[in-house]
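>>> Coordinates only, no sequence provided:
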């Protein structure tokens, strides 16, 4: 029997959807006291769960199935012309791995990003407590990648590495450098890291066709979409 079948799940009451203005959302999440092993985390990825802070969750909306889990098969991905331009544009950056992001430098970048890019969302206004609960806390699976320009931190990617895959958790960047397409570049850099580490997939979270802010995800082809309980390839 799969370990997922033994999990205790909780469901939130309906609440306003963060992505589609005219809809309510309902979320199921795993009992926060459940120990999450590497194998269990991998199983959760396989059935469309995501991590946010200490919580593993999945949309479970009664009348909507707009949120579609996505993943990129590493060995099949080939960068498009657009992706190659972004790689070239950011060839002057230095990428560094770090063990923690609980520093003033990291939080200041996060606060600037939320304030200037997401002031209409439920993460505004940013706070130190929110930052630490959402992405600052280190888990057994966490990996952090800094993107520096002449020593200055301009972007940071948070991800989890489990078994043969990586799960992208969150990326934030300096809005002053928006022309670099740093969110897309962070994924491209992660794909190359995963390829070198012989990982099979990188999970990119949920894609909503009607949400313009998520349109970049579907540009990574081939991409696999979790629809009706199975992964389907979109080329």
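Yes, it's here. For clarity, every value in this text was computed on a predicted model and none was experimentally measured.

>>> drop to CA atoms for contacts and neighbour counts, all remaining ones
Will do.

>>> Quick one: end-to-end length of stretch 133-148, please.
24 Å (Cα to Cα, to the nearest Å).

>>> same thing with stretch 40-52?
End-to-end for stretch 40-52, by Cα to Cα: 16 Å.

>>> And it, how far out from the chain middle?
The chain centre lies 12 Å from the centre of stretch 40-52; the measure is Cα atoms, centre = their mean, to the nearest Å.

>>> any idea how this protein splits into domains?
Annotated domains of the chain cover 3-67, 70-234 [automatic domain parsing].

>>> In JSON lines: these, plus mean pLDDT.
Listed next are those as JSON lines, based on pLDDT from 0 to 100:
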{"stretch": "domain 3-67", "mean pLDDT": "93"}
{"stretch": "domain 70-234", "mean pLDDT": "95"}
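
>>> Go through those domains and pick out the most buried.
Burial of the domains of the chain is given as mean neighbour count (mean count of other Cα atoms under 10 Å); domain 70-234 ranks first at a mean of 17.

>>> Now find how far off-centre it is within its chain.
Offset of domain 70-234 from its chain centre (Cα atoms, centre = their mean): 6 Å.

>>> Which strand runs longest in the chain?
Assignment by DSSP state E gives strand 152-162 as the longest strand of the chain.

>>> and that strand, what other elements does it pack with?
Contacts defined by 3 or more Cα pairs under 8 Å, 6 or more residues apart in numbering; DSSP states H and E place strand 152-162 against helix 38-46, helix 104-117, strand 142-149, strand 165-173.

>>> Out of these, which is closest to residue 59?
Among the helices and strands packed on strand 152-162, the nearest to residue 59 by Cα to Cα is helix 38-46 (13.1 Å).

>>> distance between that closest one and the chain's centre?
15 Å.

>>> And for stretch 20-32?
That offset, for stretch 20-32, works out to 17 Å (Cα atoms, centre = their mean).

>>> Perfect, that will be all.
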